[in-house]
Structure formats: C-alpha cells, structure tokens
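**Student:** please work out how this folds:
(one chain, ligands or ions: 1)
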Amino acid sequence: MSQSSQAGTIAEINRLRADNQAIILAHNYQNDEIQDLADFVGDSLALSQIAATTEAKLIIFCGVHFMAESAAILAPEKKVILPDETAGCPMAEMASAEEVLKWRDLYPHAAVVSYVNSTAAVKAVSDYCCTSANAVKLVQNIPEQEIIFLPDQNLGRYVALQLPDKLVHIWPGYCITHHRVTPENVRQAKQYQPDALVLVHPECRQEVAEMADFIGSTSQIINYVKKSLVQKFIIGTEMGILHSLQKENPQKFFYLLNPGLVCPNMKLTTIPKVLAALQNLKPEISVAPEIRLKAKTALDRMIKFV
Ligand code: SF4
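**Tutor:** Got it, this is the predicted structure:
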C-alpha cells in the first residue's frame, strides 16, 4: 500500500471508529502499524481488563481468536470483531475440553488452572484462568495445593519451580514460536552482545529461561526495560514487542534472541482488514451462553489477581 493510500485508509478507520463508538485493542505482538493505530496496546491481561470495562459498543480485537473470545465472554453486551477470523493460536488448540475432563478424572483433587491462551470450551471446564503476568501469583494464592496447569508446559514448569509447595500436573502443550528458542541462541547472543541483558518470556523452554537475566510476560519485560539502567537487551519473546520497547526507550538497543520469534497468526491482522472489519462489522466472535457463563467465572478470577 502506498503511503498516501495508507493515510486515506487510516482516516477512514478513524471516522468509522468514532461513528461506531468503537475501540481498537492490539496485542503487543501485532504488526507495528496496527499497534500505532490502536487505542490500547497491551498483553492479554491488560486487554481483557479493558474489554471488561470499556464503554465502547464495538471492540475491534487485533490479536488471535482466544483473545477476542475472552473479550466476548467478559463483555457480552458488546460486539467483538476479529479482523482476520483465521488468526488462531496453535497452543490454544493443544487442549480440548474433553481431554481436560479426562485429566480431572485422573486427578480428582486438583484445581484446573488454564492459561488464557485456551479455547472458551476449555475455560468453561477450568476453575481458574491466568496470564503469564499473574500465573505464579494466582497459583500461590488459591487454596488448592494440587493443580492441573494447561496448556503451556513451559509456563506450567515455571510456575511449579517458583512454588515447590504445590503439586502441579503439567499439560504437554507449547507455543510454536517461543519453543523454538534454544540455549545455543542464548549463548550466541551473549557472545555477540556481552553487555546486554537477556529477557525472556516464560513460554520459552526451561533450559532457555535458566540462562536469562529476567523472565517475565510482555508487560513485565516492558516495565523491566523502562526501569533498568542498562542500555542493551536481548529479547526472548515475539518480535512485535520491539516496537513498544524502541518507541518508549529510543536511547536503548534491542536484539531479538532468535529470528524465528515471529507468530504468523499475530501477523495476519493488517490495516485493510481492520478497515473491512469496521465497514462490515464482521467477522464477529461470540460464545454460546452455556459456555460463556462457566468460562466467565474462571476469567473473572484471573482479573482479580493483578
Ligand atoms: S505467540 Fe504463541 S502463544 Fe501467542 S498467539 Fe502466537 S502461537 Fe499462540
């Protein structure tokens, strides 16, 4: 798209956004131009909170399917549009409600804690939801000692290591993007930039996380960089975060830990698709009422542990 036609498209998006009393929410992993267009950019927890409390009538959710689904669960009176309905999350698809129920039979005393990166049907058979920003705090503070943690094995292991008093049964799912980072990537990056700190997301493998200077969610990485006196950072999460980091810290330097840290599903959202979503008011994401109410209980518990 040429610069002038992009400017025209953005002007039309702005007009339709105002006419429809819409807000545009964008995850930190979205394309740079989508982040620049959004009313709010954040991680799953922040965006869920905004979806639950906004007065806007229409939410254009620039993210992946489970995120728009969470917004629809938390704000049923609002219309939630996902500009590209094929934008899914492979990790969320690694757990089904039927399989979760089988694990419940296997561990009848365990509470089910689902990472927010899960389908609405899985949330509906879970006791709690969490995000990477509050997983440790939530598991630490719930009364149950025995936990089934799903679907991310890396976040599950990270939580279990922080909380040795809890018995955590870990689901074998993983994020295809974060899981491809290797300890060799960390060794090479440190060799190349020896005075940089390595900051990684807990969706990375344990061997990678053990070599990092800091492990945190996207919002925690952003806050860490803001407060740090260090100038250089090697970033071990999806590349979209570099946009916010560079914008907020223009004097600091950022290097991606592995060039494969790109989530193809997050990159499906484009400016023309956002315009089409506002023009056609679809594709709308909705959740069946019987699933929605059960899933909402788990999501409401997630939002309490900020
Ligand atoms: S980065 Fe990983 S967990 Fe996040 S949406 Fe993409 S595949 Fe799913």
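**Student:** centroid-nearest residue for the chain?
**Tutor:** In the chain, the residue lying closest to the centroid (C-alpha atoms, centre = their mean) is Ser44, at 4.3 Å.
**Student:** contacting residues for that residue?
**Tutor:** With contacts defined as C-beta atoms under 8 Å, 6 or more residues apart in numbering, the neighbours of Ser44 are His27, Met67, Ser70, Val116, Asn117, Thr131, Ser132, Ala133. Backbone N, C-alpha and C define where each C-beta goes, glycine included.
**Student:** how about the residues of the stretch 1-150 of the chain by the ligand?
**Tutor:** With C-beta under 6 Å from any ligand atom as the criterion, the stretch 1-150 of the chain meets the ligand at residues Tyr29, Val64, Cys89, Pro90, Met91, Asn117.
**Student:** not counting sequence-adjacent ones, nearest residue to the third one?
**Tutor:** The spatial neighbour of Cys89 that comes closest, neighbours along the chain excluded (C-beta to C-beta, 6 or more residues apart in numbering), is Val64 at 4.6 Å.
**Student:** one more: Lys137?
**Tutor:** Phe305 (5.2 Å).
**Student:** quick check: pLDDT value at that neighbour.
**Tutor:** Phe305 carries a pLDDT value of 79.
**Student:** ramachandran coordinates for it?
**Tutor:** Backbone torsions for Phe305, taken as degrees, to the nearest 10, come to phi -90, psi 60.
**Student:** surely it is in contact with Leu138?
**Tutor:** Yes: when contacts are counted by C-beta atoms under 8 Å, Phe305 is listed as touching Leu138 (4.3 Å).
**Student:** got any residues that touch both of these two?
**Tutor:** Residues touching both Phe305 and Leu138 (C-beta under 8 Å, 6+ apart) are Cys130.
**Student:** would you mind measuring from the residue nearest to Cys89 to Leu74?
**Tutor:** Val64 is 16 Å from Leu74, where distance means C-beta to C-beta, to the nearest Å.
**Student:** more crowded one of these two?
**Tutor:** Between Val64 and Leu74, counted using other C-beta atoms under 10 Å, the more crowded position is Val64 (27 against 23).
**Student:** quick one: what helix or strand has the closest residue to the ligand within the stretch 101-250 of the chain in it?
**Tutor:** Closest contact between the stretch 101-250 of the chain and the ligand, by C-beta to the nearest ligand atom, is at Cys175 (3.3 Å). Secondary structure assignment for Cys175, by DSSP states H and E: no helix or strand.
**Student:** give me every residue that touches it.
**Tutor:** So Cys175 contacts Pro90, Met91, Asn117, Asp152, Asn154, Glu203, Cys263 (C-beta under 8 Å, 6+ apart).
**Student:** what's the farthest-apart pair in those?
**Tutor:** Farthest pair in these (C-beta to C-beta) is Asn154 and Cys263. Separation: 15.1 Å.
**Student:** circling back: which of the contacts of Cys175 lies closest to Glu33?
**Tutor:** The shortest approach to Glu33 among the contacts of Cys175 belongs to Cys263, at 16.3 Å (C-beta to C-beta).
**Student:** I'd assumed Ile241 was in contact with that closest one.
**Tutor:** No: between Cys263 and Ile241 there is no contact under C-beta under 8 Å: 10.9 Å.
**Student:** list residues touching both of the two?
**Tutor:** Taking C-beta under 8 Å, 6+ apart as the criterion, Cys263 and Ile241 both touch Tyr29.
**Student:** who's more crowded, those two?
**Tutor:** Ile241 (26 against 22).
**Student:** compute the number of surrounding residues for the closest residue to the more buried one other than its chain neighbours.
**Tutor:** Leaving aside its sequence neighbours, Ile241 sits nearest to Asn28 (C-beta to C-beta, 6+ apart; 5.0 Å). For Asn28, the neighbour count with other C-beta under 10 Å is 26.
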